[in-house]
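[1] got a structure for you, letters missing:
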């Protein structure tokens, strides 16, 4: 149980276009989803936290208008990188948690999306 | 503020050697979670362990063992008889217990290379 599916796993897009990444909890209801970004050879940095049905909370330095997060249901959160630029190229990974299933907390990560903007 | 330090940036060992990855954390919370993750070259995060701050017992799982020392704020990870497949980046992480996801801080990671 407690599986999180993330796709696409890899995406290459042209500069100026938008890219959507999906994160789904397959067998539990994720009351909270998290989005992380990882630059090469660096650690994971939390970008934003989203609770189902409410606006996402962004970490300092993360542009809300550039990284649109939608958490419209208990099983799906999306991250849209708008007007992507080469400096947005990174590895994006989501995580999900459920207050109803606290034992899942911490190990439900998606497999990540490697975004390359050319 | 929460902080996790992994002083070892890179470690290389020869297969079958034991290796310990260090993790030191800082938090003002009295209740917190500590985690270890493995990130192989493919990128996904593999959950290894979650430990509640109330539970200071050490844990062993196969070739893996963890030493939690609250007095020194350390949560070290040892791989016994290392194998080439253990080569990966290992992250230690710290989290608030009651505010899910908030203050979930990863350490900088330790890149382990196990040579045949």
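    Nice, thanks for sending it over. None of these values were measured; they are calculated from a predicted model.
[2] and the closest residue to chain A within chain B, how many neighbours?
    Nearest residue of chain B to chain A, counting by C-beta to the nearest C-beta: residue B:47, 3.3 Å away. (Each C-beta comes from the backbone N, C-alpha and C, glycine too.) Residue B:47 has 14 neighbours, counted by other C-beta atoms under 10 Å in any protein chain shown.
[3] now do the one 4 residues further on
    Neighbourhood size, residue B:51 [other C-beta under 10 Å]: 19.
[4] part of a strand, is it?
    Yes: when DSSP: H, G, I helix; E, B strand; the rest coil is applied, residue B:51 is found to be in a strand.
[5] what separates the one helix or strand the residue of chain B closest to chain A maps to from the chain centre, distance-wise?
    If you go by DSSP states H and E, residue B:47 is part of strand B:46-52. How far strand B:46-52 lies from its chain's middle: 8 Å, per C-alpha atoms, centre = their mean, to the nearest Å.
[6] One more: stretch B:106-113?
    With C-alpha atoms, centre = their mean, you get 9 Å for stretch B:106-113.
[7] Flag every buried residue along that stretch.
    Neighbour-count burial for stretch B:106-113, counted by 16 or more other C-beta atoms under 10 Å in any protein chain shown, picks out B:106-110, B:112.
[8] after the strand holding residue B:47 comes which helix or strand?
    Next element after strand B:46-52 (DSSP H and E): strand B:59-61.
[9] strand partners of that next one, parallel vs antiparallel please.
    strand B:64-69 (antiparallel) (DSSP bridges).
[10] which other helices and strands contact whatever helix or strand comes next after the partner strand?
    The helix or strand immediately downstream of strand B:64-69 is strand B:74-79, counting by DSSP H and E. For strand B:74-79, the elements it packs on are strand B:19-21, strand B:24-26, strand B:32-39, strand B:64-69, strand B:88-96, judged by 3 or more C-beta pairs under 8 Å, 6 or more residues apart in numbering or on different chains; DSSP states H and E.
[11] and the first one with chain A, contact?
    No: using C-beta under 8 Å from any C-beta of the partner chain as the criterion, no contacts between strand B:19-21 and chain A are found, and the smallest distance is 14.1 Å.
[12] Okay, now the sheet partners of that strand, with direction.
    strand B:74-79 (antiparallel).
[13] Under the pLDDT cut-off, which ranges of chain B? List them.
    B:98-103 (pLDDT under 70).
[14] what residues does it put near chain A?
    Neighbours of chain A within chain B, by C-beta under 8 Å from any C-beta: B:33, B:35, B:37, B:42-45, B:47, B:50, B:91, B:93, B:95, B:100-102, B:104, B:106-109.
[15] ok, back up a step: the helices and strands packed on strand B:74-79: which one's closest to residue A:19?
    strand B:32-39 (22.3 Å; C-beta to C-beta).
[16] Buried residues of the closest one, list them for me.
    Result for strand B:32-39 [16+ other C-beta under 10 Å]: buried residues B:32-39.
[17] can I get the buried residues of stretch B:106-113 in JSON lines with distance to residue B:77?
    Putting the buried residues of stretch B:106-113 into JSON lines (distance: C-beta to C-beta, whole Å) gives the following:
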{"residue": "B:106", "distance to residue B:77": "14"}
{"residue": "B:107", "distance to residue B:77": "11"}
{"residue": "B:108", "distance to residue B:77": "15"}
{"residue": "B:109", "distance to residue B:77": "12"}
{"residue": "B:110", "distance to residue B:77": "9"}
{"residue": "B:112", "distance to residue B:77": "10"}
